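# Need coordinates for the following:
(one chain, ligands or ions: 1)
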Amino acid sequence: MEITDFYEETKVKFSELSEELLWEYIHSGEPMDKAGGYGIQALGGMLVEYVHGDFLNVVGFPLNHFCKKLAELYYPPSKHNVQHKKYDSIPSVDTFENLSDGESESSNFTEHKGASKLDSSGKHSSGGVYTSENSSGVRTGFTVPLENQNGVSQRPPEVPSKILELMDGFRASKALLVASKLKIFDHLKHKGPLKAVDIANEIGTSVCGTERLLDACAALGLLEKTPQGYGNTDSVNTFLTSDGEYSLHGYIIHSNDHLWPLFTNLESAIKEGSRQNHRAFGKKAEDLFKDYYHSQEGKQCFMAAMHSIARLTARDVATAFDLSRFKSACDLGGCTGALARELVQIYPNLKVTVFDLPEVIANISYFQPSGQHTAPVTFVSGDFFKDKLPEADLYILSRILHDWPDEKIHVLLSKISALCRPGSALLVAETVLDEQKTHPSRAVLQSLSITEGCAILLAEMVLDDEKKNRSTALLQSLNMLVQTEGKERSGSEYQALLEQHGFTNVKIRITGNLLDVILCVKT
Ligand SMILES: C[S@@+](CC[C@H](N)C(=O)[O-])C[C@H]1O[C@@H](n2cnc3c(N)ncnc32)[C@H](O)[C@@H]1O
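Predicted coordinates for the structure are as follows:
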């Protein structure tokens, strides 16, 4: 990728202005959203005596210089193409006037859509002149002849928007993470709309940096920008503020403070095939929980992260199968009890025990909902690899198996299996990978009896959704690589693990939520 930078200088002389006129201009409202406080292209033009230099630079974009730079980048002078450079410093430009002229537009449009070439008289002929066209069909570029190394004119490939989006994806993520970490969304929820300067004062940041972050968030669809200032969108109020019932704030802070540094070491993780805690944080404990739980802050951050995802997934996990025949359940590694509480609400006859490490159980009070009836949920502390497990006729492992390698899973499953009576069951909630890890399942489409056109449209929609789910699952598998010794597994991999320990009748529900659910019975 080639990067070039430049600046453009334009001098603007204001005339002598009376205070009265200035106030009138202010009250017109025009200056309010203008960098520099006036709009030379509109009312503000009356304030200006003269302009030396590029007028459009004052309006906001130095188009002429920009186009010259583009021409340099796309058409650098070389032995092969110097002879074509008949025009001044940039090739011919489609003016706005051309675009407003319906007839000439349509004829030019046709001409420009096919490849064309400037001949020595400056007219178009078939060949290699390129002009860009935006999604609304309005041409925005200027013609630039392009040649390959052999001097043959060619049209560059379409802009690979998907690749560019992925390439820059980390910037968008980081903007979201930092805005959350700085509690910008919280301030806007309670006091918005606010101007950049007010937010900067509230959170103690620079005005220029804050304004850029807010503008980026607005461009990403997270914020609304109006003359009154920046405000949250509805989904930001629901998911990104820290006090919302379904807030993802806990997971976002975990992503910023832990996952981000771990993913920075993804390259080493791929080379070595192992987790990267020592590189990201300078220490390596026996397992990831000892890493996370060694400080009170780390512990609460991890618990908040687990809690926020559990709140969003618990309903789908609890209802994926009818569990009403069970009287007692034990959620092993049940953390803050979010799933347990959902279960007792849906199945009023079910008593649920949450079993987790002592460090976690000591902190559950932070996550207890206030004023809610929580009597059937009991919390027990212990180590599920070493200690005796509570008795129950339904065991639950939600996001537990993916943390561990097969050897450890065998230890845990054999303990659970030994405790199960015939008819007892095990419910596993994990992101289940599709079998090939390449092809989306077509089962849904085969079951549709609809017209062909409709089927194709639906197929594309379903496949798009499936692709998105699949990439989420496979990226989650990378997430496990950088921080654990575990991994995400496919349905048949889970089935094999479970059957080895006497669990049969393995049923899998793909929920469409972040977690899928597997139910199996001990025979
Ligand atoms: C990835 S979290 C999943 C939490 C919860 N089940 C959920 O889905 O939101 C793993 C949980 O297992 C617990 N855990 C890890 N090792 C454990 C052990 N040896 N004994 C008991 N719990 C353990 C952790 O404290 C943590 O709460």
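# tell me the mean pLDDT over stretch 308-315?
Here stretch 308-315 scores 97 as its mean pLDDT.
# Please name the residues that touch the residue in the stretch 251-400 of the chain positioned nearest to the ligand.
Checking the stretch 251-400 of the chain residue by residue against the ligand with Cβ to the nearest ligand atom singles out G333 as nearest, at 2.7 Å. Using the backbone N, CA and C atoms, a C-beta is placed for each residue, glycine as well. Contacts for G333 (Cβ atoms under 8 Å, 6 or more residues apart in numbering) come out as 355-356, 384, 397-400.
# What backbone torsions are found at it?
Backbone geometry at G333, expressed as degrees, to the nearest 10, gives phi 70, psi 40.
# for E49, same thing?
Backbone torsions of E49, given as degrees, to the nearest 10, read phi -80, psi -50.
# Give me the pLDDT for the residue of the stretch 251-400 of the chain closest to the ligand.
According to the per-residue confidence, G333 scores 98 in pLDDT.
# Enumerate the residues of the protein near the ligand.
Counting by Cβ under 6 Å from any ligand atom, the positions of the chain adjacent to the ligand are 289, 306, 310, 333-335, 356-357, 360, 383-385, 398-400, 403.
# Which one of the residues you listed is nearest to A269?
Of all the residues of the chain next to the ligand, D403 has the smallest distance to A269: 15.6 Å, by Cβ to Cβ.
# Count the residues that sit near that closest one.
Applying other Cβ atoms under 10 Å, we find 19 other residues in the vicinity of D403.
# Surely it touches R275?
No: under the contact definition of Cβ atoms under 8 Å, D403 does not touch R275, with a separation of 10.7 Å.
# any residues in contact with both of these two?
Applying Cβ under 8 Å, 6+ apart, one finds that D403 and R275 are jointly contacted by 288, 484-485.
# Let me have those in JSON lines, extended by neighbour count and secondary structure.
Formatted as JSON lines, the entries for the shared contacts of D403 and R275 read as follows, by neighbours: other Cβ atoms under 10 Å; DSSP: H, G, I helix; E, B strand; the rest coil:
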{"residue": "L288", "neighbour count": "21", "secondary structure": "helix"}
{"residue": "T484", "neighbour count": "19", "secondary structure": "coil"}
{"residue": "E485", "neighbour count": "16", "secondary structure": "coil"}
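# Please, which helix or strand holds the single nearest residue of the stretch 101-250 of the chain relative to the ligand?
Among the residues of the stretch 101-250 of the chain, G250 lies nearest to the ligand; the distance is 10.8 Å by Cβ to the nearest ligand atom. Counting by DSSP states H and E, the element that carries G250 is helix 249-254.
# ok, now I3?
Under the assignment here (DSSP H and E), I3 is part of no helix and no strand.
# how many neighbours does it have?
Number of residues near I3 (other Cβ under 10 Å) recorded here: 5.
# what's the spacing between it and the ligand?
The span separating I3 from the ligand equals 41 Å under the rule Cβ to the nearest ligand atom, to the nearest Å.
# Could I get the phi/psi values of that residue?
Main-chain torsions, I3, degrees, to the nearest 10: phi -120, psi 140.
# Stretch 257-268: end-to-end distance?
Using Cα to Cα, to the nearest Å, the gap from the first to the last residue of stretch 257-268 comes to 19 Å.
# Return the set of buried residues in it.
257-259, 262-263, 265, 268 (16 or more other Cβ atoms under 10 Å).
# Kindly report the same for stretch 488-506.
Residues of stretch 488-506 classed as buried by neighbour count (16+ other Cβ under 10 Å): 488-491, 493-495, 497-498, 501-503, 506.
# Show the average pLDDT along it.
Model confidence over stretch 488-506, given as mean pLDDT, is 96.
# Mind listing residues that contact it?
Applying Cβ under 8 Å, 6+ apart, the contact partners of stretch 488-506 are 401-402, 406, 409-410, 413-414, 416-417, 420, 426, 428, 430-435, 437, 473-474, 476-477, 480, 508, 518-523.
# What about these, which are in strands?
Members of the contacts of stretch 488-506 lying in strands (criterion: DSSP state E): 426, 428, 430, 508, 518-522.
# Highest neighbour count among these?
When neighbours are counted as other Cβ under 10 Å, the busiest of the ones in strands among the contacts of stretch 488-506 turns out to be V428, with 28 neighbours.
# which stretches of the stretch 101-250 of the chain form strands?
With DSSP state E, counting those that start in this stretch as the criterion, the stretch 101-250 of the chain has strands at 116-118, 124-126, 129-130, 144-145, 223-226, 229-232.
# buried ones in the fifth one?
I take that to be strand 223-226. For strand 223-226, the neighbour count (16+ other Cβ under 10 Å) marks 223-225 as buried.
# do the same with stretch 163-180
By neighbour count, with 16+ other Cβ under 10 Å as the criterion, the buried positions of stretch 163-180 are 173, 175-180.
# ok, the residues you listed vs H27, which is closest?
For the buried residues of stretch 163-180, the residue nearest H27 by Cβ to Cβ is A179; the value is 33.2 Å.
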